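Trainee: Sequence and computational prediction follow.
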There are 2 protein chains.
Amino acid sequence: MIPSRKEVIDAYYRVQPYVHNTPVLKSSYLNSLSGTEVYFKCENFQKMGAFKMRGAINAILQLSEAQKEAGVVTHSSGNFAQAVSLAAQKVGVKAHIVMPSNAPSVKQEAVKGYGGLITISEPTLAAREAAAATIEKETGATFLHPSNNKEVILGNSTAAYELLHSHPEIEIILTPVGGGGLVAGTALAAHYIGNNCKVVGGEPFAVDDAYRSLQSGKIEINETTNTVADGLRTNLGAINFPIIKELVSEIIRVEEEEIIAAMRLIWERMKIIIEPSCAVPFAAVLKEKQKFKHKKIGIILSGGNVDVKKLPF
Amino acid sequence: MIPSRKEVIDAYYRVQPYVHNTPVLKSSYLNSLSGTEVYFKCENFQKMGAFKMRGAINAILQLSEAQKEAGVVTHSSGNFAQAVSLAAQKVGVKAHIVMPSNAPSVKQEAVKGYGGLITISEPTLAAREAAAATIEKETGATFLHPSNNKEVILGNSTAAYELLHSHPEIEIILTPVGGGGLVAGTALAAHYIGNNCKVVGGEPFAVDDAYRSLQSGKIEINETTNTVADGLRTNLGAINFPIIKELVSEIIRVEEEEIIAAMRLIWERMKIIIEPSCAVPFAAVLKEKQKFKHKKIGIILSGGNVDVKKLPF
């Protein structure tokens, strides 16, 4: 069930030419505030503004020539739509993107800008899945899931791989947990590349499906999705959950106001733009200071795609 | 009148242990939008969030032991107040900061956080100058001007020095022009360290004193200060004007909406936080695309201290 060390290393070399080796930033103020030493891996500076580029490009590069010829399809209104569009464009593959009719026009424009072919569906999950299935059937395109896909997970692992390669002293890496693709990939990299490096997930209380899944041992569902961290509303999947169960130490849950406060601290002190979901791991560090005291901590800053006209502070 | 090559190089080695060698970022999107290749020197990531740290620390390090013992004084409600406080703290010197009574409490807190000793004055220039003069007289503290001081200018030159050291291929460097300390320092670095590197200033039409000063050959004053670029409202001084006259090629003026649009582009596309003043040079590049076409351009991103609750977009 767990991808091999070789698969992790191969993914790193495969995606390297297509992604930025994003900078690692530190802030002496945030270190002293948290009582830790935090290495922020800035995937908000990644191409299209989020780590999702890594998973998308790895999955597309792993297609056969015939599959590449037929194109790819996904449904998303968020970062994965842009990631698949841009990754497909880089290697000359057609990308069909099903977007709900209520997706903001700025997101539709971004997808078009990266060459994605948009199909508008009714704004329900069933309608989106049906539209994607129709495209799959009619064009032979390969469906790419944003988080529950082994090659996407392996692509995501390359952010932590880069971080541990340049900073092998890191003892714990934290990521946000949404669909589980980032935390699973990070756990693989830490397991194979780190020096006894643990992985901890951060999750909003409002959508704590991953926390409950680790408690119950089976995939739990969110009843509500009422969180400012709009990238973390989805549930784990059958491919990433076994990796998470095996290799993730713990999920720490945080309140909405803790997420917003952590986001504002990073904006104001580090002068970088991160989206609310991206602030969740640092909120977890501030919440559990004793646990992380004096530790060297990596945080994957997952993305920076936020509407600057609609800030939560 | 013009500081020597040796003075510029000495300043670089003097301030190096006290400042960040800030990263240089590029954006393929902004390059294609502008038709140029822009190297953004991120002084918004500098200690206290602005290039002003460089001038402040250089000026303080150049004091005699007796002067250091007596402390320094300045009046400012902005970045220079924080810069002097932090720089003085780093070398164990007392910093007296005169702030107008209407300075936002968040700025007063920042100065206190860096150990600055605040004196509140009436919010007029005369009252601020009088309060500073009184402190100078009573304590023997040395007055530091934020832009019209040779050691401050030499300190400021170190940002462009670092940029040209790592990227000697740069053909033009742009900076915003307020009191003239940054553009003058940058011009010194380009003159002595660059490979025929020109320096161009960017200035809001609303406060185009530097543009008019270069036209008339004498220091002109702004009649109004109605610009979103609140760091650029001040006038040139007798120490920096001769350097600017001799070594700055041109001042390009931009409209308020061009500043706001450039600021938003940098926020959204580069995921970094810059203050409005800081967006002026990129606005100038977008305004005069033909002039900069295919050029390698350095832009000093001067600072990132902005109230995230009061954005101009």
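Mentor: Here it is on my side, so go on. In this text the structure is predicted, and so the values were computed from the model without any measurement.
Trainee: residues near the closest residue to chain B within the stretch 151-300 of chain A, how many?
Mentor: Nearest residue of the stretch 151-300 of chain A to chain B: residue A:271, at 3.6 Å (Cβ to the nearest Cβ). For every residue, glycine as well, the C-beta is placed using N, CA and C. By other Cβ atoms under 10 Å in any protein chain shown, the residues close to residue A:271 number 25.
Trainee: where's it relative to residue A:44, distance?
Mentor: To residue A:44, residue A:271 is 12 Å away according to Cβ to Cβ, to the nearest Å.
Trainee: Please, where are all the strands along chain A?
Mentor: Using DSSP state E, the strands of chain A run over residues A:24-25, A:37-42, A:72-75, A:95-100, A:117-121, A:142-143, A:172-176, A:198-204, A:250-254, A:296-301.
Trainee: which non-adjacent residue is nearest residue A:169?
Mentor: Counting by Cβ to Cβ, 6 or more residues apart in numbering or on different chains, residue A:169 lies nearest to residue A:296, which is 5.4 Å off, once chain neighbours are set aside.
Trainee: wait, isn't the one you found in contact with residue A:173?
Mentor: No - Residue A:296 lies out of contact with residue A:173 (Cβ atoms under 8 Å); the separation is 10.1 Å.
Trainee: Going by how many neighbours each has, rank the two and give me the top one.
Mentor: residue A:173 (27 against 15).
Trainee: can you list the residues of chain A near chain B?
Mentor: A:23, A:25, A:44-45, A:49, A:264, A:267-268, A:270-274, A:304, A:308-309, A:311, A:313 (Cβ under 8 Å from any Cβ of the partner chain).
Trainee: Out of the residues you listed, list just those in helices.
Mentor: Within these, residues falling in helices by DSSP state H are A:264, A:267-268, A:270.
Trainee: now, which of those sits nearest residue A:155?
Mentor: Lowest distance from residue A:155 to those (Cβ to Cβ) belongs to residue A:270, with 25.8 Å.
Trainee: Need the pLDDT of that closest one.
Mentor: Looking at residue A:270, its pLDDT is 97.
Trainee: Setting aside sequence neighbours, what's the nearest residue to it?
Mentor: The shortest distance from residue A:270 to any non-neighbouring residue, by Cβ to Cβ, 6+ apart, is to residue A:27 (5.2 Å).
Trainee: Can you give me the neighbour number for that neighbour?
Mentor: If you count neighbours by other Cβ under 10 Å, residue A:27 ends up with 18.
Trainee: That one is in contact with residue A:37, isn't it?
Mentor: No - using Cβ under 8 Å, residue A:27 makes no contact with residue A:37, being 10.3 Å away.
Trainee: can you give me phi and psi for the residue nearest to residue A:270?
Mentor: phi -140, psi 120 (degrees, to the nearest 10).
Trainee: OK, contacts around it?
Mentor: By Cβ atoms under 8 Å, 6 or more residues apart in numbering or on different chains, the residues touching residue A:27 are A:38, A:40, A:269-270.
Trainee: quick one, helices of the stretch 1-150 of chain A?
Mentor: Taking DSSP state H, counting those that start in this stretch as the criterion, the stretch 1-150 of chain A contains helices spanning A:5-15, A:28-34, A:52-61, A:65-70, A:79-90, A:105-113, A:125-139, A:150-166.
Trainee: and those helices as a markdown table, adding mean neighbour count and mean pLDDT?
Mentor: Formatted as a markdown table, those follow (neighbours: other Cβ atoms under 10 Å in any protein chain shown; pLDDT from 0 to 100):
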| stretch | mean neighbour count | mean pLDDT |
| --- | --- | --- |
| helix A:5-15 | 17 | 98 |
| helix A:28-34 | 15 | 96 |
| helix A:52-61 | 29 | 98 |
| helix A:65-70 | 13 | 98 |
| helix A:79-90 | 26 | 97 |
| helix A:105-113 | 15 | 90 |
| helix A:125-139 | 15 | 95 |
| helix A:150-166 | 26 | 98 |
